[in-house]
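Engineer: Predicted model follows, preceded by the sequence.
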Amino acid sequence: MDSMKNTFLTSYGKRLVLVADDEPVNREILSSVLKDRYDVLFAEDGRKALELIEEHRNVLSLVLLDILMPELSGKEVLSALRSDARYRYLPVIVLTSDEDSEVECLNLGASDFITKPYPKADIILARIQRIIELSEDRRIISSTERDQITGLYTRDYFYRYAEDFDVHHRDVEMDAIIVDISHFRMINERFGSRYGDQLLGRVGRRLREVIDEGRGIVCRREADVFLIYCEHGMDYAHILEYASQAGEGDEKECRIRLRMGVYARVDKKLDLPRRFDRAQIAAESLRSSVTNVIGMYDDAMHEKELFETQLVEEFDQAVREEQFAVYFQPKFDIRTSVPVLSSAEALVRWIHPELGLIPPFRFIPLFEETGLIQTLDHYIWTHTARKIREWKDRLGFCVPVSVNVSRIDMYDPHFVDTILEIVKENGLEPAELLLEITESAYTEDSGQIIEVVNQLRNLGFRIEMDDFGTGYSSLNMISELPIDALKLDMQFIRNAFGEHRDTWMLEVIIDIASYMHVPTIAEGVETEEQMLSLRELGCDIVQGYYFSKPVPAEEFEPFLIERKQQLESSADQERIPFDSKLKIVQATEKKKARNELKEQHRRLLDSYYDPQTGLYNETVFELLLENTDLAHVAVLAMEIDGLDEIRQKQGEEGVREAVNTVADALRKNFRSVDSVCRMGDHTFAVIMTRADSSLKQVVIHKVRYVNCLLKHPEEGKAPLTLSTGAAFGDGGKEAESLFPDACAALKRAREKGGSRCEIL
Amino acid sequence: MTIEDLKEYGANVQEGIDRCAGMPDFYLRLAERVKQEKGFEKLESAIKEKRLKDGFEAAHALKGVLGNLALTPMYEPIREITELLRVETDTDYMPLLNEILEQKRKFDLL
């Protein structure tokens, strides 16, 4: 095997070797030994040796280095090489006649030594070849062993070395730690991926510095995620603080926030990835916390993990044994004086033989994460369709029933065929199986989802947009969405009828639905008062405990029977002779009233928006601010710089275009949770939620970024800049004073020459 | 200077030739260069002027060359003086130096 390898190695060209020795005789002897097998360079002193190494660093295979040389000694050359990462893998064989120096040189990083007087030529050649081979093997290994960006171990090697560490430290208690950078994607987007990579490199270096080599190892798992496997007892806060300083002192002044998940005193019976899964769980527990940056894996997480593992393991059996039961919750049309059953929603419950009834919130997110949801969805669709068929056959009647479609289903190329087949198999019309698709699915990949939804609607399916109001859809996008109903997120109902009764947001959303000419469905309605208020606000359909909790199929049947009877009795009434003229008049009146209502909604919507830019207007700004938590809000006042000049050069059309350009830039570049408003001719305001004065730098960067985009517009457009003033609400300020304060800061920004952000 | 001369002088000729890739001519050429070697003068002046560090460097360099060429009569005293100079032993270096210079003189006559 070795001979094969040697043949292969020598067959692809001579390696280049540098001989550094100040004695010509020694150089010549080595030359005579090496020249047939190697290309040889010579240096007569240390300085020259370093120059040649630098010059040939990409092709040099080995250095033969004398220790005592003029200019720079061999030891100094060796030290220089070992402190420069570029030469990490360049092997050096020391030429020496002193036994004492041998050990010292090996400690300094020499790969081997050759004594003087030189041994026989074949011994020298064999040693050189062995060292070159070892070094090349090492280089190959290390290209997969080390992450190119940080120089840390790659994940596979990290796990291997961590296992080795365990083998030799059986009784040492270890911690598995995961560290990531909050919002790293934003850093990449703001400063570019090159800067992002540099930052990762610095964080990696700092983690390596702070984790004592002998007591732990570090790797970059992927993107901005670092793993640390170290002896228990390290100061977590210190590690995090030290690594967090990686962004300081550079030209970007990028402040980073690291988060850490710790699984302390690991159970060594678990394999390493599982140990880091636990650290990950601990890190994820921080997601909802702004202040806490270190999450510890605890008993509660452990129990949850065990429980979830059990659920996943038993899923297949549960499907086989039909442990999942489909429950039905009725939806009532409340537009009439007596609400009538209009449809139902199919909801799953797991009737576990040992654990009893498991509510869906315990397993749905888990199955979404593990991909099992697709199988469960299919199960529910099939069972629901069969039930509808059965009711139709037995009762002679059924209402449409909605089923949930998970995001992952929408990416399944067979999804449309599958659902159509289920409907056909049961002899149903597509409109009898309503499909609920969550709003966030639309916003994440709207192109793909809209295409699938269009296909479904063309086949006759009707789509309800679920959890509306949580997915941050833009108004522009909503107006283009192919949907048949908007289903309000339960949170809106809770907020609207909660302690601080505030139905304003609800009104806006019902207006939006009206604007789109689709009915609104409110979930989570619990009281008559809520139902009546919703009816007053214009909501069409209501679902919730007020009418019925989700119930098993047999308990849902009475709702169907009652509705069937209502329909039959109204049909009887219709058979009674009537004055057809009167009916036409009534119908005309109804249509007129409906049109008037639509017109009212349109006017209401118009009163919210600035007609030129489509941004919110001043009235909405005030309403929004009144309803915002002032402790976490920043208000920005912005003006376009040099508007007079634009007006002089390009007239009113130029001003109009500038306003539109800025409106567009603001709309695109602020977050969906921020609200951009037009306050006057060329003044804009932004309400940034979830922002307090600790985020001043973020606000400044955001404004700088928008200015940068405006300064470098697409071809054919004139560059623009904005002056900005910002005020934060967390100093106990009144809502009314925030915008004037922001304007005062704006004035200061203008006085300083514009194109900047000042904070009051 | 011939191979025979060197043998007679006391050099381990075979060992030296082995180190020179088995080429006697090449060995002779390198051995001839020792006659012009400046290291001996450096060593002499350093010892006489008590510059022991410089003396060590000169001796160490000579040791490598003479060892490689297996010029044993010079190599042995050089090796000895190198070790003494390495730790700057407080001793009279003149006897060893004279021995080295005497061997060099004999070598130069070959």
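Structural biologist: Thanks, I have it.
Engineer: For chain A, give me its nearest residue in chain B.
Structural biologist: B:Gly67 (3.4 Å; C-beta to the nearest C-beta). Yep, even glycine has a C-beta here, placed from its N, CA and C like the rest.
Engineer: just the helices in chain B please.
Structural biologist: All helices of chain B, identified by DSSP state H, fall at B:3-9, B:13-19, B:24-34, B:39-48, B:52-68, B:72-86, B:94-108.
Engineer: and these, which is most packed in?
Structural biologist: helix B:52-68 (a mean of 24; mean count of other C-beta atoms under 10 Å in any protein chain shown).
Engineer: what helices or strands is that helix leaning on?
Structural biologist: Packed against helix B:52-68 by the contact rule (3 or more C-beta pairs under 8 Å, 6 or more residues apart in numbering or on different chains; DSSP states H and E) you find helix A:24-34, helix B:39-48, helix B:72-86.
Engineer: Run through the residues of the stretch 451-600 of chain A sitting next to chain B.
Structural biologist: For the stretch 451-600 of chain A, the contact set with chain B under C-beta under 8 Å from any C-beta of the partner chain is empty.
Engineer: before we move on, what about chain A?
Structural biologist: So far as C-beta under 8 Å from any C-beta goes, chain A lies against chain B at A:22-26, A:28-29, A:32-33, A:66, A:68, A:95, A:97-98, A:116-118, A:120-121.
Engineer: Select only the buried ones of those residues in PyMOL?
Structural biologist: The PyMOL selection below is limited to those of the residues of chain A next to chain B classed as buried (16 or more other C-beta atoms under 10 Å in any protein chain shown):
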select buried, chain A and resi 22+23+25+26+28+29+32+33+66+68+95+97+98+116+117+118+121
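Engineer: those helices in the stretch 351-500 of chain A, which residues are they?
Structural biologist: A:360-370, A:373-395, A:407-410, A:415-425, A:439-444, A:446-459, A:475-480, A:490-496 (DSSP state H, counting those that start in this stretch).
Engineer: Could you list the residues of chain B in contact with chain A?
Structural biologist: B:15, B:18-23, B:26, B:30, B:33-34, B:57, B:60-61, B:63-65, B:67-70, B:75, B:82, B:86.
Engineer: please redo it, this time with the cut-off set to 6 Å
Structural biologist: B:18-21, B:26, B:30, B:60-61, B:63-65, B:67-68 (C-beta under 6 Å from any C-beta of the partner chain).
Engineer: that older thread, in TSV, list the helices of chain B along with distance to A:Lys752.
Structural biologist: Formatted as TSV, the helices of chain B follow (distance: least, C-beta to C-beta, whole Å):
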stretch	distance to A:Lys752
helix B:3-9	89
helix B:13-19	79
helix B:24-34	77
helix B:39-48	72
helix B:52-68	66
helix B:72-86	71
helix B:94-108	81
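Engineer: got CSV for the ones you listed, with mean pLDDT too?
Structural biologist: Below are the helices of chain B laid out as CSV (pLDDT from 0 to 100):
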stretch, mean pLDDT
helix B:3-9, 94
helix B:13-19, 91
helix B:24-34, 93
helix B:39-48, 94
helix B:52-68, 92
helix B:72-86, 93
helix B:94-108, 94
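Engineer: Of these, give the one that comes closest to A:Asp137.
Structural biologist: helix B:13-19 (29.8 Å; C-beta to C-beta).
Engineer: Setting aside sequence neighbours, what's the nearest residue to the residue of chain B closest to chain A?
Structural biologist: Once flanking residues are discounted, B:Gly67 sits nearest to A:Pro117: 3.4 Å by C-beta to C-beta, 6 or more residues apart in numbering or on different chains.
Engineer: secondary structure class for that neighbour?
Structural biologist: With DSSP: H, G, I helix; E, B strand; the rest coil as the basis, A:Pro117 sits in coil.
Engineer: How about the stretch 401-550 of chain A: which residue is closest to chain B?
Structural biologist: Proximity to chain B, evaluated over the stretch 401-550 of chain A using C-beta to the nearest C-beta, is greatest for A:Tyr411 at 70.0 Å.
Engineer: For that residue, the count of nearby residues, please.
Structural biologist: 14 (other C-beta atoms under 10 Å in any protein chain shown).
Engineer: try A:Ile521
Structural biologist: With other C-beta under 10 Å as criterion, A:Ile521 counts 28.
Engineer: what's downstream of the host helix or strand of it, the next helix or strand?
Structural biologist: Per DSSP states H and E, A:Ile521 falls inside strand A:520-522. Once the chain leaves strand A:520-522, the next helix or strand it forms, by DSSP H and E, is helix A:528-537.
Engineer: what comes into contact with that next one?
Structural biologist: Contact with helix A:528-537 is made by A:Ile334, A:Phe497, A:Glu507, A:Ile510, A:Ala522, A:Val525, A:Val542, A:Tyr546, as judged by C-beta atoms under 6 Å, 6 or more residues apart in numbering or on different chains.
Engineer: Which of those residues ranks first by neighbour count?
Structural biologist: Highest neighbour count within the contacts of helix A:528-537, by other C-beta under 10 Å: A:Ala522, with 30 neighbours.
Engineer: beta partners for it?
Structural biologist: Beta bridges link A:Ala522 to A:Leu488, A:Val542 when assigned by DSSP bridges.
Engineer: if I pick it, what's in contact with it?
Structural biologist: A:Leu488, A:Ile493, A:Leu534, A:Cys539, A:Val542.
Engineer: one more time with 8 Å, if that's ok
Structural biologist: Counting by C-beta atoms under 8 Å, 6 or more residues apart in numbering or on different chains, A:Ala522 touches A:Lys487, A:Leu488, A:Phe492, A:Ile493, A:Leu534, A:Cys539, A:Ile541, A:Val542, A:Gln543, A:Gly544.
Engineer: Tabulate those in TSV, adding columns for pLDDT.
Structural biologist: Compiled in TSV, these are given as follows (pLDDT from 0 to 100):
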residue	pLDDT
A:Lys487	89
A:Leu488	84
A:Phe492	76
A:Ile493	80
A:Leu534	88
A:Cys539	89
A:Ile541	93
A:Val542	94
A:Gln543	95
A:Gly544	93
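Engineer: Quick check: the two most widely separated of these?
Structural biologist: Greatest spatial distance in these: A:Phe492 and A:Ile541, 14.5 Å, computed using C-beta to C-beta.
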